[in-house]
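# Structure for the following, please:
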Amino acid sequence: MNKDFIDALNEIEKNKGIEKKVILEALEAALISSYKKNFDQSQNVKVEINNDTGEINVYAMKEVVEDVEDEHLEISIEEAKTIDPKYSVEDIVRIKVTPMDFGRIAAQTAKQVVMQRIRDAERDVVYDEFITRENELITGMVQRSNRGNVFVDLGRTEGVIPITEQTPDEILEQGDRVKVLITEVKKTTKGPQIILSRSHPNMVRKLFELEVPEIQTGVVEIFSVSREAGSRTKIAVFSKDENVDPLGACVGYKGNRVKAIVDELRDEKIDIVLYSKDINVFIANSLSPSKVLAVFSNTKERSSTVVVPDYQLSLAIGKEGQNARLAAKLTNWKIDIKSQSQYEEEIGKTLEELSMEHEMSQDESEYINSEEEYEEEFYENDEIHEDLDVDHGANAEEEDI
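Down below sits the predicted model:
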């Protein structure tokens, strides 16, 4: 150990961001362990490293006592006074015990400690970088698959897409460049573990933020997203500027913006709908591409009955109830879909009569009349209703659109 070693530590501190003090403290602790292992396990020792020259000294720490019972830990008052007359009982005496060949052991230990500290520091740097990027979109290259998990090269480190976060039926091959969402960053003994997703609804949200400048600037906002990865997504948007069409902004010229997102999601269908603070309008919009004749909502129960033309019942419900299910997730309301003839037959009145009666009897205070109030209700009741009350639609086939 010499000044070259200290110079090396200074270089590591500069390039790796690891404080020299931290390395020296770790090295001192490691050298104490090495000394006890190789020379004397019972002694209480202290190692000191000169920060300028790199010189290492080992000291035995002994307590001054009247009668010595353990010569490895204690020293008599008489012997202590021969070292320094100022010593008294209960003082701690430092006795230099550096072995002749301790430099070789110190060099080996120093190498191990420094390498470990560098690895730890690099892991900490990666962790600190990615912990601030949770819920962020990132591009990586598929490296390999292992037991269904897909590992993606992110540049400075590697992330993993668990089976549960992969899009059904999507095959990711080695060398594919893909966009993924960072959902979680964990600190482990083997370094940071970065969990990625291709199926999370927020991935669609981030893709729209990436492709649509109006969303980046905040002119157009995304209210909610519901997704069944690999199949279909619904996204509700609104504009803060009456001169900006939120749907047109998201679709883009000749559909180029939404097409880029669809291509990234491997042809997943995307329905872009207009958010409205009128819940009846919002529910009607959420069932796009189906036409809706009327919506009757129960605010207290957060449920609604939607009436659609007879010929569009299967379209409104969707294949295996998917369209209705996504609409319910998008609005966070239960939705019961009925055809016009079925509804009128059950009620015994025409839709026009019912609409007039409903408008006359409806207490306006029951409606949610502001965007802020509805958003508060939406997030306070964010449980997704899997047991949707979709009428007679389980086996309906979705029309080809």
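# The longest strand anywhere in the chain: how far from the chain's middle?
Longest strand of the chain, by residue count under DSSP state E: strand 177-188. Remark: strand 177-188 is offset 7 Å from the chain centroid, using CA atoms, centre = their mean, to the nearest Å.
# again with stretch 324-339
28 Å.
# if we can go back for a sec, what strands flank the helix or strand that the longest strand of the chain is followed by, and is each parallel or antiparallel?
Next along the chain after strand 177-188, taking DSSP states H and E as the criterion, comes strand 191-197. Counting by DSSP bridges, the strands paired with strand 191-197 are strand 158-161 (parallel), strand 177-188 (antiparallel).
# Name the stretch among those that sits most buried.
strand 158-161 (a mean of 21; mean count of other CB atoms under 10 Å). Bear in mind the C-beta positions are built from the backbone N, C-alpha and C, glycine included.
# give me phi/psi at Asn51?
When read as degrees, to the nearest 10, the backbone of Asn51 gives phi -70, psi -20.
# what residues are up against it?
Asn51 sits next to 6, 20, 24 when contact means CB atoms under 8 Å, 6 or more residues apart in numbering.
# ok, 7 Å please
6, 24 (CB atoms under 7 Å, 6 or more residues apart in numbering).
# And what about Asn135, helix, strand or coil?
coil (DSSP: H, G, I helix; E, B strand; the rest coil).
# quick one: contacts for it?
Per CB under 7 Å, 6+ apart, neighbours of Asn135: 181-182, 202.
# what pLDDT does the residue positioned nearest the centre of the chain get?
Nearest residue to the geometric centre of the chain (CA atoms, centre = their mean): Thr183, 2.6 Å. Thr183 carries a pLDDT value of 95.
# repeat for the one 4 residues further on
As predicted, Lys187 sits at a pLDDT of 89.
# now it: how far from Gln340?
58 Å (CB to CB, to the nearest Å).
# Also Ser239?
32 Å.
# Dump the contacts of Asn135 to CSV, plus distance to Glu158.
As requested, these are arranged in CSV below (distance: CB to CB, whole Å):
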residue, distance to Glu158
Leu181, 16
Ile182, 13
Asn202, 22
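# Helix or strand next in line after the helix or strand hosting Asp124, which one?
Per DSSP H and E: Asp124 is located in helix 102-131. Following helix 102-131 in sequence order, the next helix or strand is strand 137-146 (DSSP H and E).
# And for that following strand, what's in contact with it?
150-154, 158-159, 172-182, 203, 206-207, 210.
# sorry, back to before: tilt between the longest strand of the chain and strand 137-146?
Interaxial angle, strand 177-188 versus strand 137-146 (axes from the mean of the first three to the mean of the last three CA atoms, to 10 degrees): 80 degrees.
# pLDDT score for Asn57?
On the pLDDT scale, Asn57 is placed at 83.
# Please apply the same query to Ile317.
For Ile317, the predicted pLDDT is 94.
# returning to that earlier point: buried residues of the helix holding Asp124, list them for me.
102, 105-106, 109-110, 113-114, 117, 121-123, 125-127, 130 (16 or more other CB atoms under 10 Å).
# That helix - what's its average pLDDT?
80.
# circling back: tell me which of the strands paired with strand 191-197 lies nearest to Leu73.
Nearest to Leu73 among those is strand 177-188 (38.8 Å), distances taken as CB to CB.
# Can you dump the C-alpha atoms of that closest one in PDB for me?
Extracted in PDB, the C-alpha atoms of strand 177-188 (Å, rounded to 0.1, in the frame of the first residue of the first chain):
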ATOM      1  CA  ARG A 177     -36.600  -3.200 -30.200                       C
ATOM      2  CA  VAL A 178     -39.700  -2.500 -28.100                       C
ATOM      3  CA  LYS A 179     -41.100   0.200 -26.000                       C
ATOM      4  CA  VAL A 180     -41.900  -0.800 -22.400                       C
ATOM      5  CA  LEU A 181     -43.300   0.800 -19.300                       C
ATOM      6  CA  ILE A 182     -41.200   0.900 -16.100                       C
ATOM      7  CA  THR A 183     -43.700  -0.200 -13.500                       C
ATOM      8  CA  GLU A 184     -41.500  -0.900 -10.500                       C
ATOM      9  CA  VAL A 185     -37.800  -0.600  -9.400                       C
ATOM     10  CA  LYS A 186     -36.600  -2.800  -6.500                       C
ATOM     11  CA  LYS A 187     -33.300  -2.800  -4.700                       C
ATOM     12  CA  THR A 188     -32.000  -6.300  -4.200                       C
END
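# who's in contact with it?
Counting by CB under 7 Å, 6+ apart, 127, 130-131, 133-142, 152, 159, 161, 165, 172, 192-198, 200, 202-203, 206, 264 sit against strand 177-188.
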